[in-house]
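Novice: here is the input, now give the coordinates:
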Amino acid sequence: MNRFLLSVLVVTFSLFIISAFPVDLQAGPPLDGLVSGDLFLAQAKKADSKATAYHGNVRSRVFHGPYCRYYDCGNCTAVFKARGDALKAGYRPCKICNP
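Specialist: Predicted coordinates for the structure are as follows:
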């Protein structure tokens, strides 16, 4: 009997919460200037694809795009005008930003 009353209580409470806070499932989440990481990277790559300067880490031999969080690291002193220039110099792309 106690389990039955508990289940009725849970269902009633759930229905109350659902009706008290309606959610529009058709609308996406509010962005308010903030976007998910993947969407942000895609937009940044698209915007910077024309005039991009890549920074290369001289210790790890990894290069980053301007949309990467490691773009301005202390060891990123090598600058490349094109992705191909970085590859020819022996640098590999960053696994996080994948420039």
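Novice: so where do the strands sit in this protein?
Specialist: 54-57, 62-64, 78-80, 92-93 (DSSP state E).
Novice: highest average neighbour count across these?
Specialist: Each of the strands of the chain was scored by mean neighbour count; the highest is strand 62-64, a mean of 25, by mean count of other C-beta atoms under 10 Å. (C-beta placed from N, C-alpha, C; glycine too.)
Novice: buried sites along stretch 72-91?
Specialist: 76, 78, 80, 83, 86, 91 (16 or more other C-beta atoms under 10 Å).
Novice: now do it, average pLDDT.
Specialist: Stretch 72-91 carries an average pLDDT of 93.
Novice: quick one: residue 78 and residue 56 touch, right?
Specialist: Yes - judged on C-beta atoms under 8 Å, residue 78 makes contact with residue 56 at a distance of 3.5 Å.
Novice: now the common contact residues for these two.
Specialist: 63, 86, 89, 91 (C-beta atoms under 8 Å, 6 or more residues apart in numbering).
Novice: and these, which is closest to residue 7?
Specialist: Nearest to residue 7 among those is residue 63, at 58.4 Å by C-beta to C-beta.
Novice: for residue 95, the count of nearby residues, please.
Specialist: 7 (other C-beta atoms under 10 Å).
Novice: same check, this time on residue 68
Specialist: Residue 68 has 22 neighbouring residues, counting by other C-beta under 10 Å.
Novice: measure the spatially closest residue to it that is not a sequence neighbour to residue 11 for me?
Specialist: Sequence neighbours aside, residue 97 is the residue nearest to residue 68 in space, at 3.5 Å (criterion: C-beta to C-beta, 6 or more residues apart in numbering). As judged by C-beta to C-beta, to the nearest Å, residue 97 and residue 11 stand 47 Å apart.
Novice: mind checking which of those two has more residues around it?
Specialist: residue 97 (20 against 10).
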